[in-house]
Structure formats: structure tokens, C-alpha cells
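Colleague: this one's sequence-less:
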């Protein structure tokens, strides 16, 4: 067995612990190094796409292309420094998406509209729709 395999196995176990929600600062630093996160936080322009390239590519082809990521995501400053410990938040209420997509109060011409009260009211919008590429 090559010498690096125990370290890789240990790192994979740490990543699994992170995904299970068991995160401490030392673990977050280890996982960040393992997945190759830059030690310096990204800067404008395109700061989100520095780490979220695939999402940025999808969003670039969507109706949401002109919306900054922070329109929909609450992104604490510390997220740029320790992204595995401090995550950007997704909208927690259907009324957030309804600001642009509620047919009762159309706000943006050409934006798809729904009847908020009738369109699957048990779910948050992003549980069915992928906002970075809403056409899917």
C-alpha cells in the first residue's frame, strides 16, 4: 500500500464527517486543504465563481444571469474565509421567490409567474426548481 493512502483515507473520513454536519474549525481547515480551497478569500469581480464555477456556468445561461448571487443568498463575510464552516443561506420562504414570480403581483416583465397559493404550497421553490438554471 502506498504511503499516502492512510492520509487519503483519513481525509475522506473527515469529509464524510463534514457532510454529516460534524464540523469543527480544525476539520474545516483540513477539508479545505484536501479539496484545494484557496487560503485567501476571493475578491470581486466574480468572487462567487472563484469557488462555484459550475454554478456560475449554469447561471450564465439562465434567466437569472443578471442577478448577483447575493440577491438570493445571504452570504456572511466569513463565508469567504471559512466556506466550510460558514455557508451562504438559501431563501427560507416561498415569498422570497414570489417577489418576482407571483402572478398576483407581477414585478418583472417576462419572468415566469405562478399562483403562489396554489402552486405546491407545501414546498420551498428550490425544492423543485433549480434557480441557477431554472429552465430545468
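Modeller: Received it, and whenever you're ready, just let me know what you need. What you see is a predicted model, and the numbers here were worked out from it, not measured in a lab.

Colleague: Quick check: residue 67 vs residue 99, distance?
Modeller: Separation of residue 67 from residue 99 (CB to CB, to the nearest Å): 12 Å. Any C-beta I mention is one placed from the backbone N, CA and C, and that applies to glycine too.

Colleague: Oops, could you answer that again for residue 84 instead?
Modeller: From residue 84 over to residue 99 the distance is 30 Å, taken as CB to CB.

Colleague: which of those two has more neighbours?
Modeller: Taking neighbours as other CB atoms under 10 Å, residue 84 and residue 99 compare with residue 84 leading, 18 against 12.

Colleague: Residue 88 contacts residue 78, doesn't it?
Modeller: No: shown here, residue 88 and residue 78 do not form a contact pair, counting by CB atoms under 8 Å, at 10.7 Å.

Colleague: So which of the two has more stuff around it?
Modeller: More crowded of residue 88 and residue 78, by other CB under 10 Å: residue 88, with 16 against 11.
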